[in-house]
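In: A predicted structure for the sequence below; I have some questions about it.
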Amino acid sequence: MMRSIRAKIILLFVVIFGFTLSIFSGALYFLYARQSAQNFDLNLSNDALEIVGLIKGNGVLEQEVIPNLIQHPLTVNLGTKRYVQVLSISGNVIIRSSNLKNVTLPVSQEVLTLALSQHQVFETLDKSTTQRLITKGRLRLVTYPFFDNGVPRYLVQVASNTLTLDEGLLELRLLLLIAVPLTILAAALGGFYLAKKAFDPIDKIIRTAQSISAEHLDKRLETGKVDDEITRLSKTLNAMFDRIEEAFKLQKQFTADASHELKTPLTILLGEIEVALNNRRTPEDYVDILNSSVEEIRRITNIVDELLTIARLESGQLQLQKRPTRVDELLLDAVSRTSAYASQRSININYEVQNKSEQESEEVFVNGDRDKLLSVFINLLDNAIKYSNSNSTIRVVQVVEKNFAKLKIIDKGIGISPEDLPHVFDRFYRADKSRSVEGTQRGSGLGLSISRFLVEAHSGTITIESQTGLGTTVIIQLPILHTEELTESQRADSLA
């Protein structure tokens with residue numbers, strides 16, 4: 001079984017070319033043979049007309065009117081290539097060519113009937129008659145009737161050897177039998193050469209791709225200057241290798257960052273426990289050490305939970321339980337849950353609804369997983385509180401624009417520098433210099449990455465606008481459900 005595409009293409013090319021060439025050669029031979037036979041019969045017919053004119057011009061047939069006086073046929077020398085015989089309507093031989101000797105060309109009743117109906121008749125003579133006159137070839141005979149004023153007078157028969165015709169057809173058959181296989185062989189060699197030229201770049205791509213490994217992800221395929229299929233394939237594979245290399249880098253970075261994030265609290269936890277074991281402490285000291293250990297363990301637990309959440313999100317195992325959810329209730333719940341943390345920093349959180357007329361309701365619904373969206377808003381509010389200045393205000397703004405609910409969380413904190421802003425959604429990314437506030441607890445750097453994934457899973461978008469020292473605005477857009485599309489039970493469930 002051929003598994004090579006190259007071999008299959010060559011075989012298919014040879015089969016199609018060979019079949020087409022064979023059909024063409026057969027049709028050519030058939031048309032040539034038919035035309036040659038027609039030309040041969042036409043020459044016989046012209047010879048018969050020539051014989052008719054020749055005999056009439058010499059007046060030889062005048063003696064036909066006195067048939068009783070003719071005891072023997074007249075012998076006339078009409079050449080050696082033609083065998084000529086002239087018969088009366090009754091079938092008596094009047095004239096025969098000298099090369100016929102004593103052989104009489106046959107006239108069957110069927111031929112005679114057709115001739116008397118003014119038809120010239122062509123036939124190939126049988127072997128017995130042929131062998132009495134010639135040693136090679138066949139005799140082709142035409143029987144031509146002559147009429148005088150509509151009355152049949154006599155029959156002219158002319159026979160000729162088909163040896164030349166047969167030899168021409170034989171030569172053509174031999175030529176085709178030799179030329180067709182040689183041409184197919186040449187086509188196979190040409191197909192092999194063309195397939196090799198066509199597949200050499202693919203073989204090169206295969207060899208290069210096989211040499212690319214985790215240790216050599218920087219290798220790339222060569223791309224030609226002509227924008228053909230091979231060049232487009234190479235560019236596509238290079239783009240795929242770029243994505244794979246980036247994924248490997250992200251994986252390595254992710255592993256290093258996760259190890260670092262887990263190592264820090266574990267080191268702190270281990271150090272505090274070792275210090276507690278080395279020297280005897282008061283009960284109050286042990287309580288402080290245990291409280292500190294609990295905090296570090298909680299930090300480790302949060303990091304592990306976030307890592308598990310990301311893994312489930314990327315693998316598609318985290319199923320969203322979507323249902324109609326009121327945005328204002330969701331935001332108020334998030335504000336309520338973060339208000340205690342905000343109070344510790346002396347920060348106020350204000351909830352606002354903008355662009356609302358007196359006829360419009362605050363009941364804006366989205367189709368979403370309430371728990372997941374609530375975790376997004378809580379995380380964003382925690383970040384806003386963490387990086388805001390004390391005695392400042394955080395605004396939570398709800399705006400409806402066309403078919404989207406635009407939700408803004410605006411703080412007047414330290415802001416994000418322009419060079420850090422494009423990376424804030426990267427895992428474990430923290431701009432320590434620009435995003436640090438004295439006395440605040442550092443996060444894991446996974447919250448924004450998870451938030452973006454969850455918002456996009458709800459067909460929404462999340463963007464961040466920030467200026468260093470002026471504050472940060474987080475903007476979330478979610479597609480809304482129109483109230484007329486909701487049943488009463490759905491609206492009741494959303495409030496539950």
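Out: Structure's in. What do you need? Here the structure is a predicted model, which means the values were calculated and not measured.
In: what segments of the chain are helices?
Out: For the chain, helices defined by DSSP state H occupy the ranges 5-58, 109-116, 127-133, 163-211, 229-278, 283-315, 327-344, 370-386, 447-457, 488-495.
In: please identify the deepest-packed of the ones you listed.
Out: Comparing the helices of the chain by mean neighbour count (mean count of other C-beta atoms under 10 Å), helix 370-386 comes out on top with a mean of 21. From N, CA and C alone the C-beta is placed, and that goes for glycine too.
In: quick one on the thing from earlier: which of the helices of the chain has the lowest average pLDDT?
Out: Lowest mean pLDDT of the helices of the chain: helix 488-495, a mean of 51.
In: relative to residue 383, how far out is residue 231?
Out: 47 Å (C-beta to C-beta, to the nearest Å).
In: got it, and residue 219?
Out: 41 Å.
In: check residue 398 too.
Out: If you go by C-beta to C-beta, the gap between residue 398 and residue 383 works out to 19 Å.
In: cool, residue 349 as well?
Out: Distance from residue 349 to residue 383, by C-beta to C-beta: 13 Å.
In: for residue 413, grab phi and psi.
Out: In terms of degrees, to the nearest 10, the main-chain angles of residue 413 are phi -90, psi -150.
In: tabulate the helices of the chain (JSON lines), appending distance to residue 416.
Out: Output for these, formatted as JSON lines (distance: least, C-beta to C-beta, whole Å):
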{"stretch": "helix 5-58", "distance to residue 416": "54"}
{"stretch": "helix 109-116", "distance to residue 416": "109"}
{"stretch": "helix 127-133", "distance to residue 416": "109"}
{"stretch": "helix 163-211", "distance to residue 416": "41"}
{"stretch": "helix 229-278", "distance to residue 416": "19"}
{"stretch": "helix 283-315", "distance to residue 416": "21"}
{"stretch": "helix 327-344", "distance to residue 416": "20"}
{"stretch": "helix 370-386", "distance to residue 416": "11"}
{"stretch": "helix 447-457", "distance to residue 416": "11"}
{"stretch": "helix 488-495", "distance to residue 416": "34"}
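In: for those helices, which one sits closest to residue 149?
Out: Nearest to residue 149, of all the helices of the chain, is helix 5-58, at 14.2 Å by C-beta to C-beta.
In: by how many degrees do that closest one and helix 163-211 diverge?
Out: 170 degrees (axes from the mean of the first three to the mean of the last three C-alpha atoms, to 10 degrees).
In: pretty sure residue 111 contacts residue 123?
Out: Yes. Residue 111 is within contact range of residue 123, at 6.9 Å (criterion: C-beta atoms under 8 Å).
In: what do those two both touch?
Out: residue 143 (C-beta atoms under 8 Å, 6 or more residues apart in numbering).
In: residues touching the residue nearest to residue 378 when sequence neighbours are not counted, list them.
Out: In this structure, residue 378 finds its nearest non-sequential neighbour in residue 334, 5.0 Å apart by C-beta to C-beta, 6 or more residues apart in numbering. Residue 334 sits next to 374, 377, 378, 381, 396 when contact means C-beta under 8 Å, 6+ apart.
In: tell me, how many residues neighbour the last one?
Out: So the one you mean is residue 396. Look at residue 396: counted by other C-beta atoms under 10 Å, it has 22 neighbours.
In: hang on, it packs against residue 408?
Out: Yes. At 7.4 Å, residue 396 counts as touching residue 408 under the criterion of C-beta under 8 Å.
In: so what's the closest residue in space to residue 478 that isn't next to it in sequence up against?
Out: Leaving aside its chain neighbours, residue 478 sits nearest to residue 460 (4.1 Å; criterion: C-beta to C-beta, 6+ apart). Applying C-beta under 8 Å, 6+ apart, we find residue 460 in contact with 476, 477, 478, 479.
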